[in-house]
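# got a predicted model here, sequence first, then my questions.
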Amino acid sequence: MTGDAITDQAVLEVDDLAIEYKLGTEWKTAVRGINFSIGHGESYGLVGESGCGKSTIAMAIMHYLPRNGRISGGSIRLNGRDFTDLSGRELRQARINDISMVYQDPGSSLNPSIKIGTQVADVFDLLGVPAREHRDRVLEILRKVQIADPARVSDRYPHQLSGGMLQRVVIAMAIASEPALLVLDEPTTGLDATVEAEVLDLVAGLRDEIGTSVLFISHSLSVIRKMCDRTAVLYAGRMMAEGQTEEIFTAPRHPYTVGLLRCLPDPETGTTDRTALDTIPGVLPPLGAEIVGCVYADRCAMSEDICIEVEPELNDLGGGRVSRCHFPDEAPNLPRAVAPDPVPRRVHDQTLVEIKGASKTFMQDGHPVYALSNIDLEIHVGETVGLVGESGSGKSTLAKVLLGIHAPDEGSVITLSGGELAAELEKRGQEEIGAVQMVFQNPDSALNRRHSVHRIIGRAVQLLRGGARNEREERIKSLLREVRMGMQHYNSKPRQLSGGLKQRVAIARAFAGSPALVVCDEPTSALDVSVQAAIINLLAELQVEENVAYLFISHDLNVVRYIADRVAVMYLGRLMEVGTADRVFAGPNHPYTEALLSASPELADHKRIRLQGEIPEPSNPPSGCVFQTRCPRKIGEICETVEPELEEAEPGWFKRCHIPVEELRAAQIGISA
Amino acid sequence: MALPATSLAYRWRVLRRSTTFWVGSAIVLMWVVFAIFGDFVTPYEPQGTPQDILNRLQPPSSEHWFGTDDLGRDVLSRVLAGSRRVLTVALAATVIGTVLGTAVGLIVGYYGGLVDDVIGRVLDAFLSIPLVITGMLALAALGPNTLGVIIVIGLVFTPIIAKTVRAAVLGERQLDYVTAAQLRKESSLYILFVEILPNVMGVVIVEFTVRLGYAIFTVLALSFLGLGIDPTVPDWGLMIYQHYGYLTGNIWWPVLFPSLAIASLVVGVNLVADAIGQAFE
């Protein structure tokens, strides 16, 4: 992304901004000394982990700070006008005309009981557009955000639309006034990768079209990298680095940025010689902590005495780059926290779990919903199978059928080490239950907040492993050691633990009964980048120590590529492609996989493939190949009439597509060249 | 910015800073003290002595601060001693209603489906009948006795509390810790009472304090109507019932003072309920 639209006049100027929150009776500083400006048509990114203050800054700009928050210093100027000190009427006018914000969850930004068209029309009403023009303007703006059938959408209620469609509507409302500044706070978090890519493309396109300046807030380095001209990296309420986005990411000059980037799996490293990811040890200082020196010093591997004693200035490195570090030139040589040792692999060819012809039909208001259709999948001892697909593709249903939470339809067979598993959980033996366990996405939801660590793990040990009391105590302690947790957490409640520690407790619980297979359902997507790396490392190490197999469900293809030995791609309850990770990520692929890969911000180095329309209803799947309604490579009538089999097109590589692999190869290599 | 977790300790800290809570608690505590130690505090025998009849309907004076009633009994003593009955009956009724309501709410919320549909409709049907009328009908059928009042109010409160608890359980049931418990084959009873119940305890406590206020009012309303009374103990509702006819003769004290007592106790309980409700939000 180039910055050629930038002119001298800044749209937004933030000068020495400080914000405090009142906790109990004390005001605690959340962010301080924030300086940045956004030029006309410029896209500016704020990136950092949770608690760094990025959303706080956005809220302060919008005057949306909660009642216990206040701006305690500095100024915010919009188009040269002081924006911190506005009367109620001026603020209202500014929100109508000059500044708009898009939030993370589009569902909560829209009124569930008012039709889309009416809600969008309200915006035009505020802008003073006469009522008779509302309808046309609504349709026009919805068309602008690439909603194919604006008349139909405007007649719907929010719950009748998908998350991606809702976010388009919210964006349409935000840009209706052609605001000077558009604030986007994690606008694609929680959306599927394919939808995320579309929304990002849309925002980039709109920015070129109407010339709005954008303040883009995200925890995702790859999204920021894709969307922003300039970027600031925040940590503990301080700006650590700022500069041209490409430079920040390709040649970082602050140890925090260096560390963050090393936490991400590198698409260049393959799966066979995967090495441990680097992590950032330690935790964020608590809100309002009095730190004399550098706020990052206690987590920085290259910190010296001066870092603890004196806080570094934002050192000017030239070219508009600054870094709040005493040793910016040495940052690229930051010592690693984790040695880049290869993680030894011990994949066996021996089959652990075999799923044969598994289907699952739910009944909804008397109508069948085909959530899973004829799934055949093998998982070998000690291997990781990555399961990918958009939401609604049946990934979680497959996991739940495997775990016995949902009983599959008649005729489905699941075997574990050769023995058939009962469909219902109640009929499975305690040993079988202990052998197949699960790590959930969100540890806040997965851990009972009223129970202690000891109780959470202890209960699982008691039921899944048994034994005398002192044996169980030993087991709890050894599990805590295995997930690298200290005994000081033995009696802690979940709320006393950080996100990463909570997920470790959840992992320890899953390993209580020495499982042979652990289903990991997005185990890192609720975690910060630095924590995510540590959890992935832990899972990789445990896999070798315990010889456990993983069914790893994730929408983050970059992580799947890193951790998975084999990959299975699902769409509308069916497996579309199965193969080794190397094979799947190298291509050629099933057209659906091809679209998924091209939507991944980390992996997409070639042109993105835009999928038409939305995932069909599983209650009424399309005839023939279920992907034919959206397939960009549809070859003709056969796709509409005959459902292709999941065939082994190459040794160990399966695809459910009529197009021969040679033709896929020719077509896809043609595209990426 | 994550705010501190909603732990019990945190809620207690919020509560401790609430003036509402302390004022309400002081009022309630005062009545609790009178209920327990009433026998030592009352200046006269609350149930009176045969000679009192000579002294009937005396206005407030230095000897009888609140005056005397139509049997010549000291109104102050009867008001102080009267807190015992209303507090015990209301408390017992609320405990029964909360325990039953919580159990029903847990079961209905956790199992959902047909259980929810059937029991939910039954609860709705009960809720549609006005409280006092239900109580009157039931007490008329059961005959007047204190245990009857307790059971009737408890049962009338059950569906109300069950509805609130059910809503909280529906939220908890979605959380993965419930799935995790199922995945290690916990019994339903364990999941309901050890996993889910502690997480909806806040709702139960709030509901309990709110219901306690209503229970006090209902107990007194019923005794004012002459239902479920026990003539052997002082009772504010009964005191008003027996004396409101004298109001036209400008004899106000046997009615005013028990009324003020009712008002202060209900206000006190509601202040506590409000403060707890806010702390748990």
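Sure, I can see it.

# for residue A:356, what are phi and psi?
phi -130, psi 120 (degrees, to the nearest 10).

# that one and chain B, how far apart?
The gap separating residue A:356 from chain B is 23 Å, by Cβ to the nearest Cβ, to the nearest Å. From N, CA and C alone the C-beta is placed, and that goes for glycine too.

# spit out the contact partners of the nearest residue to that residue once chain neighbours are set aside.
What sits nearest to residue A:356 in space, not counting adjacent residues and going by Cβ to Cβ, 6 or more residues apart in numbering or on different chains, is residue A:413, at 4.3 Å. By Cβ atoms under 8 Å, 6 or more residues apart in numbering or on different chains, the contact set of residue A:413 is A:354, A:355, A:356, A:357, A:358, A:420.

# show me just the buried residues among the residues you listed.
Neighbour-count burial (16 or more other Cβ atoms under 10 Å in any protein chain shown) applied to the contacts of residue A:413 gives A:354, A:355, A:358.

# so of those residues, which ones are in strands?
Among those, the members falling in strands (DSSP state E) are A:354, A:355, A:358.

# tell me who's in contact with residue A:349.
With Cβ under 8 Å, 6+ apart, residue A:349 has these contacts: residue A:380.

# measure it to residue A:436 for me?
According to Cβ to Cβ, to the nearest Å, residue A:349 and residue A:436 sit 20 Å apart.

# show me the helices in the stretch 151-281 of chain B, by range?
Counting by DSSP state H, counting those that start in this stretch, one finds helices in the stretch 151-281 of chain B at the ranges B:176-182, B:188-190, B:197-224, B:236-243, B:253-280.

# could you dump these to JSON lines with distance to residue A:319, mean pLDDT and mean neighbour count?
Putting those into JSON lines (distance: least, Cβ to Cβ, whole Å; pLDDT from 0 to 100; neighbours: other Cβ atoms under 10 Å in any protein chain shown) gives the following:
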{"stretch": "helix B:176-182", "distance to residue A:319": "48", "mean pLDDT": "95", "mean neighbour count": "21"}
{"stretch": "helix B:188-190", "distance to residue A:319": "63", "mean pLDDT": "94", "mean neighbour count": "12"}
{"stretch": "helix B:197-224", "distance to residue A:319": "54", "mean pLDDT": "92", "mean neighbour count": "22"}
{"stretch": "helix B:236-243", "distance to residue A:319": "82", "mean pLDDT": "91", "mean neighbour count": "22"}
{"stretch": "helix B:253-280", "distance to residue A:319": "54", "mean pLDDT": "92", "mean neighbour count": "20"}
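
# reformat those as CSV; add distance to chain A.
CSV is the format used below for those (distance: least, Cβ to the nearest Cβ, whole Å):
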stretch, distance to chain A
helix B:176-182, 4
helix B:188-190, 9
helix B:197-224, 4
helix B:236-243, 40
helix B:253-280, 14
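
# adding distance to residue B:89, write those helices out as CSV.
Listed next are these as CSV, based on distance: least, Cβ to Cβ, whole Å:
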stretch, distance to residue B:89
helix B:176-182, 37
helix B:188-190, 31
helix B:197-224, 5
helix B:236-243, 10
helix B:253-280, 13
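
# closest one to residue B:68 among the ones you listed?
Checking these against residue B:68 by Cβ to Cβ gives helix B:253-280 as the closest, at 7.9 Å.

# chain center to the longest helix anywhere in chain B, what's the gap?
In chain B, with assignment by DSSP state H, the single longest helix is helix B:75-111. Averaging C-alpha positions (Cα atoms, centre = their mean, to the nearest Å) puts helix B:75-111 5 Å from its chain's average.

# so for whatever helix or strand comes next after it, mean pLDDT?
Toward the C-terminus, helix B:75-111 is succeeded by helix B:113-127 as the next helix or strand (DSSP states H and E). Averaging pLDDT along helix B:113-127 gives 87.

# so which residues on the stretch 351-500 of chain A come close to chain B?
Counting by Cβ under 8 Å from any Cβ of the partner chain, the residues of the stretch 351-500 of chain A close to chain B are A:403, A:405, A:425-426, A:428, A:430, A:433-434, A:437-438, A:440-442, A:445-451, A:459-460, A:463-464, A:493, A:495.

# which of those residues fall within strands?
With DSSP E as the criterion, strands contain A:437, A:438 from among these.

# can you say which of the residues of the stretch 351-500 of chain A next to chain B are buried?
The neighbour-count test (16+ other Cβ under 10 Å) marks A:403, A:405, A:425, A:428, A:433-434, A:437-438, A:440-442, A:445-451, A:459-460, A:463-464, A:493, A:495 as buried among those.

# run a quick neighbour tally on residue A:462.
Neighbour count for residue A:462, taken as other Cβ atoms under 10 Å in any protein chain shown: 17.

# leaving out the residues flanking it, which one is nearest to it?
Distances taken as Cβ to Cβ, 6+ apart put residue A:472 closest to residue A:462, at 5.9 Å, once the chain neighbours are dropped.
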